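# 3D, please:
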Amino acid sequence: MATLTRLAVVGAALMASSHPATYGQETVEAALGRIYSQYVMARTGRDIGRLVSLDGDLRQMMASNQSIEASHLRPGYEDLGLSGAAFDPGSLVYSGKILRDAHKINPRSPSRNFTLYATVFPKGEDVGDIPNVEAARAYLREFPEGPFAADVYLDLAHFRDDLYKLFQGFVEGGGVPEYKLDCYNRYVTKQPYREQLKAAQNSGVANYRRALALRPGDTVARESLTELLKGTTLSWYFCPD
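Residues are numbered from 1 along each chain as shown. Take a look at the predicted model:
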């Protein structure tokens, strides 16, 4: 569920970006049909700018609806990166595939400030994988105020937030689920767990604040920051069971 929230936040950010608000008064069915037909043309014509815009349309749709029913799926929509959610098959989720398609066509296009975000979740934004930290940092080095910069900071903050919960389990003796350890094991060092706990908290707080500096109205980031500061964060953002 946390992954769905993160996708909605990304969509909300793009509603205020350079993407036109094309969803308007269309029904969900009509909007998805339009996006699919335009995607086929844009993909065939290798029109990266149009693909980026369609990616923004889908993110906007996901952000502006509490839940879109998977019954709206039609043959071919999987090419858009649409599917039923893993833990809620009746709800539609978007994997960010159109952005990945655009980046594959030309990773150095004039829309690179958008498409480079596709490298942060190379397997898709809907699978619950942790972000590629190196790719996230590379995005921020190149586009520190880019259209996805706030989202990258939030992704990194959520990642450190999860690490905090991992080390909290070690320190407090509550244990850590094996699948979480498998997911985050490469980021566990030989330093004392209390030191790693504090480092994860500090990094998470810093990244939440950077996200909020770019997007002050982000309630998810603000609430998550408060919980991490208090040490009461509970929800895991990545690596679902």
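# May I ask you to confirm that residue 36 belongs to a helix?
Yes. Assessed by DSSP: H, G, I helix; E, B strand; the rest coil, residue 36 belongs to a helix.
# Tell me how far it lies from residue 75.
10 Å (C-beta to C-beta, to the nearest Å). Every residue, glycine included, has its C-beta placed from N, CA and C.
# Next: residue 151.
Taken as C-beta to C-beta, the span from residue 151 to residue 75 is 31 Å.
# Residue 58 too?
Distance from residue 58 to residue 75, by C-beta to C-beta: 18 Å.
# More neighbours: which of residue 151 and residue 75?
residue 151 (30 against 7; other C-beta atoms under 10 Å).
# so that one touches residue 114, yeah?
No. Applying C-beta atoms under 8 Å, one finds residue 151 not in contact with residue 114, separated by 11.1 Å.
# part of a strand, is residue 83?
Yes. Under three-state DSSP, residue 83 falls within a strand.
# Now do the same contact list for it.
70, 73, 92-93, 95, 126 (C-beta atoms under 8 Å, 6 or more residues apart in numbering).
# let's see it at 10 Å
By C-beta atoms under 10 Å, 6 or more residues apart in numbering, residue 83 lies in contact with 70, 73, 77, 89, 92-95, 97, 124, 126.
# Neighbour count says what about these? Which are buried?
Listed as buried from the contacts of residue 83 are 70, 73, 77, 92-95, 97, 124, 126; burial here means 16 or more other C-beta atoms under 10 Å.
# so of those residues, which ones are in strands?
92-94 (DSSP state E).
# need the strands for this structure, in chain order.
82-85, 88-94.
# can I get those strands in TSV with distance to residue 225 and mean pLDDT?
Formatted as TSV, those follow (distance: least, C-beta to C-beta, whole Å; pLDDT from 0 to 100):
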stretch	distance to residue 225	mean pLDDT
strand 82-85	26	94
strand 88-94	25	92
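# is it possible to export these to CSV including distance to residue 103?
Formatted as CSV, the strands of the chain follow (distance: least, C-beta to C-beta, whole Å):
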stretch, distance to residue 103
strand 82-85, 18
strand 88-94, 16
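# among those, which is nearest residue 210?
For residue 210, the closest of the strands of the chain is strand 88-94, at 25.1 Å, according to C-beta to C-beta.
# Output the below-cut-off pLDDT ranges for this structure.
For the chain, applying pLDDT under 70 flags the ranges 1-25.
# Longest helix of it, counting residues only.
helix 149-172 (DSSP state H).
# which secondary structure elements does that one contact?
helix 2-15, helix 133-142, helix 178-184, helix 193-214, helix 219-230 (3 or more C-beta pairs under 10 Å, 6 or more residues apart in numbering; DSSP states H and E).
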